[in-house]
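# A predicted structure for the sequence below; I have some questions about it.
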Amino acid sequence: MYMAYGWPHVMPIESGISDSSQRIIYLKVINRLLLVVAPSHLELWSSSQHKVRLGKYKRDSSSIQREGENIQAVWSPDAKLVAVLTSSFYLHIFKVQFSDKRIQFGGKQPSALFLANINIVLNEQVPFSVKDLTVSNIVCDNKHLLIGLSNGSLYTISWKGEFCGTSIVDCRIGEKNEIISASNCFENGCATGRSPEVNHIDPTLCGPSSIVGLELSLLLRMLFVLFSDGKLLQCSVSKRGLKQADSVKAEKIFGSGDALCASVASDQQILAVGTRRGVVELYDLAGSGSLMRSVSLYDWGYSTEDTGPVSCIAWTPDNSAFAVGWKLRGLTVWSVSGCRLMSTIRQVGLSSISSPVPKTNPDRKSEPLMAGAATIHWDEHGYRLYAVEEKSSERILAFSFGKCCLNRGVSGSTSVRQVIYGEDRVLLVQSEETDDLKMLHLNLPVMCFTCLLSCHSYFVYDVALSDIVFVQVSYISQNWPVLHVAASFDGTFLAVAGLHGLILYDVRLKKWRFFGDVTQEQKIECKVRELSIMTAKSPPASMRFIPDQFYKDYSSVKHKSSQEPVRCLILRANGEMSLLDMDDGHELELTDSVELFWVTCGLSDDKENLIEEITWLDYGHRGMQVWYPSPGVDPFKQEDFLQK
């Protein structure tokens, strides 16, 4: 689960030569680097702890006049090459190299940032057979580029600058020539108030419509081709990648015939399709390709007249949430279950099903992306969402996000804090007596003095001295970003792990603790049961042992006098939740499509409190599910559970 905090950070982009050069045509993050391509220049930024410009390449006016402005770009997966296509169909390939010059931020800690050199290594005109063409965006693998053309064909180019020619996508799909839909979809406010209908098409009418967009998933070996008439075609890709465009075979047509953009969550195998109606439709690629659910701002009082059509979609790296930008106004982030997590559009009321916001609302002047979102992209860890506003692309907005601590349970005590963590901080959320939420930003130490006797890379030890050495260390700058956070049972201690090692925080004393020496680290030993899971299922995303207090009333439970837990609740990356018997290894599947769960049994001292009887809660597209134990022979038997 993601939560936005703070006002977006602004990254200024250098002005172009002409007015049209103000727009940004490409935005991508790879290996903690942010590439920005404008019509007349390229910029490379650091997307790690410090957001600084590392290098740039600016074309001169004669080059732009002779070869045209940059209109499309793509970055190679290894981040070494950048391909740019100009309006006069010249292909420029740039090479990214790093110099020996470091960027210093002050202090004694060396920086890991180096200045970059961007040099052009190829400049050739693409030999298109037809001159009056328009092109789609560019997709790529490690060896080849693929471009969609307005005559309905695909054009392949190698990263070495070899022009491999065109091929036509075969649209004859046979008897399964229908737009995929389903009657049992989960909706979150379709702007039309109804589900998309099933539309049958004649394969003979699937002519050479203009290709306006491509979306590639190398993991699933799928290519999605978007046509100007709103048709979205799913194609299979050869194991050899994009080397042979004629090996791309059409399989299905998705959407309601008004698609404008698409984005694939490869790990979850979900296709998100943005439409002219301002609605985003989610399709299941793992099964029959049916429509899972649709989301829009219609339930919040905003129609297509307010937001315009969907302009862009971007999934988080873990595929648990996705961001949606609209052409006329705003950006919103949803969970995969359809829960609205963040929105830049101000919510002023829901008194009417029609739009509650007049066009001259003065509050819009302080609203981010009030002119619409042109491009959006997440960083590699999901902590930052980069967005470019329509018609105002001299800057990039970076929205900060925190993640819910998955292993933090719900407590019956209001004094225990809930934990959310960002890239360089921990957010402690606590309810006050006035029922208001208070959020404490706990920034990880940048510089502190401590004693160190450890072998970790961020610890220093002088072997020539027998005494303890006090040195100045930086945790977050050496180990950015935060990757894991765990809280003690009573919430008084936090363990925070970055790229290497971990540090501890005492909430009561407000002090950070590092390991004092290597022997202190060696004294750490396991206090719970060792768990080995050998399965072909989706990997676990979160696990919680069921507290021992739960078993004391059931005589059939084994090891009730033992301190070792005997069952473990597992949430897998694909949303499946199951209960594992750690004695015999049996795993009982409970439910699916779960995003979060909370173990609550035995956490309250109040015997009359309902939370004492609840075993756990889970959240997904069905909403909140509450699981109660039953006094049956086996309280964990599926038919004995009372699921509310």
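Here it is on my side, so go on.
# would you mind measuring from the residue nearest the centre of the chain to Val333?
The chain has Thr316 as the residue nearest its centroid, 0.7 Å off, counting by Cα atoms, centre = their mean. Remark: distance between Thr316 and Val333 (Cβ to Cβ, to the nearest Å) = 8 Å. Just so you know, the C-beta spots here come from the backbone N, C-alpha and C atoms, and that holds for glycine as well.
# need the overlap of contacts for these two.
Common contacts of Thr316 and Val333, defined by Cβ atoms under 8 Å, 6 or more residues apart in numbering, comprise 2, 322-323.
# I'd like the distance between Ile345 and Val388.
The gap separating Ile345 from Val388 is 17 Å, by Cβ to Cβ.
# neighbour count for these two, which is higher?
A count of neighbours by other Cβ atoms under 10 Å puts Val388 above the other of Ile345 and Val388, at 26 against 22.
# residues touching that one, list them.
The neighbours of Val388, taking Cβ under 8 Å, 6+ apart as the test, are 24, 27, 373-376, 396-397.
# equivalent analysis for Asn574, please.
Contacts of Asn574 (Cβ under 8 Å, 6+ apart): 268, 538, 592.
# and the helices in the chain, which stretches?
Applying DSSP state H to the chain gives helices spanning 61-67, 304-307, 476-479, 518-522.
# for these, which one ends up most surrounded?
helix 476-479 (a mean of 22; mean count of other Cβ atoms under 10 Å).
# pLDDT of that one, averaged?
For helix 476-479, mean pLDDT is 78.
# repeat for stretch 338-350
Stretch 338-350 comes out at a mean pLDDT of 83.
# in that stretch, which residues are buried?
338-345 (16 or more other Cβ atoms under 10 Å).
# now, the most widely separated pair of those residues?
Largest separation among the buried residues of stretch 338-350 by Cβ to Cβ: Gly338 and Thr344, giving 18.5 Å.
# run a quick neighbour tally on Ala387.
Ala387 - counted by other Cβ under 10 Å - has 24 other residues nearby.
# all numbers from here: first residue = 26
In the new count, where the first residue is 26, that last one comes out as Ala412.
# tell me who's in contact with it.
33, 348, 350, 356, 393-394, 398, 400-401, 421-424.
# save those residues as CSV, and put in neighbour count too.
Converted to CSV, the contacts of Ala412 look like this (neighbours: other Cβ atoms under 10 Å):
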residue, neighbour count
Pro33, 20
Ala348, 26
Gly350, 29
Leu356, 27
Pro393, 17
Leu394, 23
Ala398, 29
Thr400, 22
Ile401, 24
Ile421, 24
Leu422, 20
Ala423, 18
Phe424, 24
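# of those, closest to Gln97?
Thr400 (12.4 Å).
# state the distance from the closest one to Leu52.
The value you get for Thr400 to Leu52, if Cβ to Cβ is used, is 5 Å.
# got it, and Ala520?
According to Cβ to Cβ, Ala520 and Leu52 sit 35 Å apart.
# compare the two (neighbour count), which wins?
Legend: neighbour count by other Cβ under 10 Å for Ala520 and Leu52, higher for Leu52 (22 against 14).
# what does the pLDDT read for the more buried one?
At Leu52, the pLDDT recorded in the model is 95.
# who is it paired with across the strands?
Assessed by DSSP bridges, Leu52 has beta-bridge partners Val61.
# test my guess that it contacts Ser418.
No: using Cβ atoms under 8 Å, Leu52 and Ser418 do not qualify as a contacting pair, with a distance of 10.0 Å.
# can I see the domain layout of the protein?
Domain segmentation of the chain under the TED database yields 31-150, 432-474+491-548, 554-656.
# just the buried residues of stretch 392-412, please?
Quick answer for stretch 392-412 (16+ other Cβ under 10 Å): 393-404, 406-412.
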